[in-house]
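Peer 1: Starting from these lines, generate the structure:
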Amino acid sequence: MAEKESIEIRLTSDPRWLQVLRAAVGQVGHLAGLDPATVDHLKLAVDEACANIIVHGYGGERGQHIVATLHLFPDRLEVCLRDFGKTVAPESIRPKELDASRPGGLGVRLIYCCMDEVTYQAADGPGMELRMVKYLRADRGGSRGSSRQ
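Peer 2: Numbers count the residues shown, from 1 in each chain. Have a look, this model is predicted:
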């Protein structure tokens, strides 16, 4: 494999496009050699992150831009999501405690549980950037990926 292979997907903030992104993320996960359960976790993390962009970054407004870039390195898969909506302090985006009584709001927790690294930062210009990393492991019977539990 080359040092880094990449694919960029541009979509709008319409939830119907998330199925297309999930399919692409799944294919890249398979190309990376991730096991099926880890691919499912990867797709879940990307789906939750995009849903958060649509709801919180764009206030549910459709037709706004989201850029998904997937970078496949020899040791890891990085998924970067860029939106052009509301900018918030990155430290304000934290996983919700499981014992909280208010329903909903568990998407960030799911993202952190599914990925090995999660980094939010304010973008240059409006919006946010999210970088999610899944390390590729060769220590599980030929499978290159495993999900953190």
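Peer 1: For the helix or strand containing residue 108, give the mean pLDDT please.
Peer 2: Assessed by DSSP states H and E, residue 108 sits inside helix 107-114. Mean pLDDT, computed over helix 107-114, is 93.
Peer 1: and if you look at stretch 25-32?
Peer 2: 97.
Peer 1: Name the residues of the helix or strand just after the helix holding residue 108 that come out as buried.
Peer 2: Using DSSP H and E, the helix or strand that follows helix 107-114 in sequence is strand 117-122. Within strand 117-122, the residues that qualify as buried are 118, 120, counting by 16 or more other Cβ atoms under 10 Å. Heads up, the C-betas are built off the backbone N, CA and C, glycines and all.
Peer 1: In PDB, could you pull the C-alpha coordinates for strand 117-122?
Peer 2: The C-alpha trace of strand 117-122 is given here as PDB (Å, rounded to 0.1, in the frame of the first residue of the first chain):
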ATOM      1  CA  GLU A 117      -9.000   8.700  18.600                       C
ATOM      2  CA  VAL A 118     -11.500  11.600  18.300                       C
ATOM      3  CA  THR A 119     -10.500  15.200  17.800                       C
ATOM      4  CA  TYR A 120     -12.800  18.200  17.300                       C
ATOM      5  CA  GLN A 121     -11.400  21.600  16.300                       C
ATOM      6  CA  ALA A 122     -12.600  24.900  15.000                       C
END
